[in-house]
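quick one, what's the 3D model for this:
(chains A and B)
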Amino acid sequence: MKRGLSTYYLLAIAIIVGFFLTIQIKSDITSQGIITIPKLLAMEKDVSNIEVEIENLKKSINELNQKLKDYEVSLEESGSIYSSMMEEWRKIRNYAGLEKVSGPGIIITMNDSKKEVEIGDNPELYIIHDIDVLEVINELRAAGAEAISINGERILGTTNIECGGPIIIIDGKRHATPFIIRAIGDPKVLEASILAPNSYIDLMEYTGIEIDVQKVENIVMDGYKSPLKLKYQKSIEEGEKK
Amino acid sequence: MIVPLLGLLLGILLGLLSPLTIPIQYSIYMSIAILAALDSVFGGVRSSLENTFDVEVFISGFFANAVLAAILTYIGDQLGVPIYYAAIFAFGVRLFQNFAIIRRYILAKMKKNRK
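Here you go, the predicted model:
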């Protein structure tokens, strides 16, 4: 009798154990373990990163809404969204560097060194190379330059600058010294960053390469003149696969 | 010994059939409940082998242990200290102790049968 009674209870409890176990396993809960302080900090960082991302996404939603509203306004006013699309198109062409633009900025004139090469010194250091020009352009871009040209040649995202002996080749066109680099942007920021201690120009001046930086109120810059060649890329609708 | 295993299988079947799932924040409570139940099963098996099985002790032990463990877990959650480790530890130790005693009983029985 006593034995039989215990069996029923054991059966009941065993059923409960099995039931709970299965449900717990089915819930697919990965063990979190102990939450240590470094883990907590990492999680907090993750959270704040995600919050920043959300903030950015909200901003871009607002921007897109604004754009949509612009379209609607222009549709109401003129019956078509042609004008606002034209404006956007122009903006994109400006961004790509295809249009003639003007704005404040700086003009950098670079010339080869006129110093005599000291005995034992490398004469290569006394002339300007393609890499020097590239470094300067990169620094200008880092300082927020919106449009850059070298000797009137507009620099695009696809522009290549190569060494051609005593000259440099920009997008297949030969250019000799002096190199006049024009950049549109905040003149103060551009100048400060280009002339900062240990900037590339600062280092180049040691070998007597002549560099002149001028702040200019208004620079007029031609657009990219060569034909655009798009041979391999084509537009697609879907997003990039990650 | 076969009865609890049968119950376990039945419980697993029930669990597989039921659509219930546990939200992640209650998973600790669930694991504590599992431990408490498991502890009761081993305790029950042991006491029935010893012929000292008492329904009231068994049932009250199961529920009281589960409730205490749940309370500890809750307090630990509030304090940020995993106090439920105490429950895990206590249940775990007793589980092994009970298992050891059950094992000895079974071994003794097997020896007797052989002779």
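
and the residue nearest the centre of chain B?
Geometric centre of chain B, nearest residue: B:L38, 1.8 Å, by Cα atoms, centre = their mean.

and it, how far from chain A?
5 Å (Cβ to the nearest Cβ, to the nearest Å). Bear in mind the C-beta positions are built from the backbone N, C-alpha and C, glycine included.

off-centre distance for the helix ranked longest in chain A?
What stands out as the longest helix in chain A, according to DSSP state H, is helix A:37-78. Centroid separation for helix A:37-78 versus its chain: 18 Å, with Cα atoms, centre = their mean, to the nearest Å.

so is it next to chain B?
No: judged by Cβ under 8 Å from any Cβ of the partner chain, helix A:37-78 makes no contact with chain B; its nearest approach is 9.8 Å.

give the next helix or strand downstream of that helix.
helix A:82-96 (DSSP states H and E).

now that following helix and helix A:37-78, what's the angle there?
130 degrees (axes from the mean of the first three to the mean of the last three Cα atoms, to 10 degrees).

tell me the helix or strand right after helix A:82-96.
The helix or strand immediately downstream of helix A:82-96 is strand A:101-111, counting by DSSP H and E.

what residues of stretch B:19-39 count as buried?
By 16 or more other Cβ atoms under 10 Å in any protein chain shown, the buried positions in stretch B:19-39 come out as B:22, B:27-39.

swap that for stretch A:120-135, sorry
A:126, A:128, A:130, A:132-135.

now do that stretch: distance from first to last residue.
Chord length of stretch A:120-135, first to last residue, is 26 Å (Cα to Cα, to the nearest Å).

what pLDDT does residue 23 get?
No chain specified, so I'll use chain A. At A:I23, the model reports a pLDDT of 83.

oops, chain B please
pLDDT, B:P23: 77.

and the closest residue to it other than its chain neighbours, how far from B:D39?
Nearest in space to B:P23, with sequence neighbours left out and distances taken as Cβ to Cβ, 6 or more residues apart in numbering or on different chains, is A:S27 at 8.0 Å. Distance from A:S27 to B:D39, counting by Cβ to Cβ, to the nearest Å: 22 Å.

what about whatever residue of chain A ends up closest to chain B, neighbour count?
Residue nearest to chain B within chain A: A:G18 (2.2 Å; Cβ to the nearest Cβ). Here the number of neighbours of A:G18 (other Cβ atoms under 10 Å in any protein chain shown) works out to 26.

my reading is that it lies in a helix. Confirm?
Yes: looking at A:G18 with DSSP: H, G, I helix; E, B strand; the rest coil, it is inside a helix.

my guess is it contacts B:I12, does it?
Yes: using Cβ atoms under 8 Å, A:G18 makes contact with B:I12 at a distance of 4.3 Å.

that's a helix at A:I211, yeah?
No: secondary structure of A:I211 (three-state DSSP): strand, not part of a helix.
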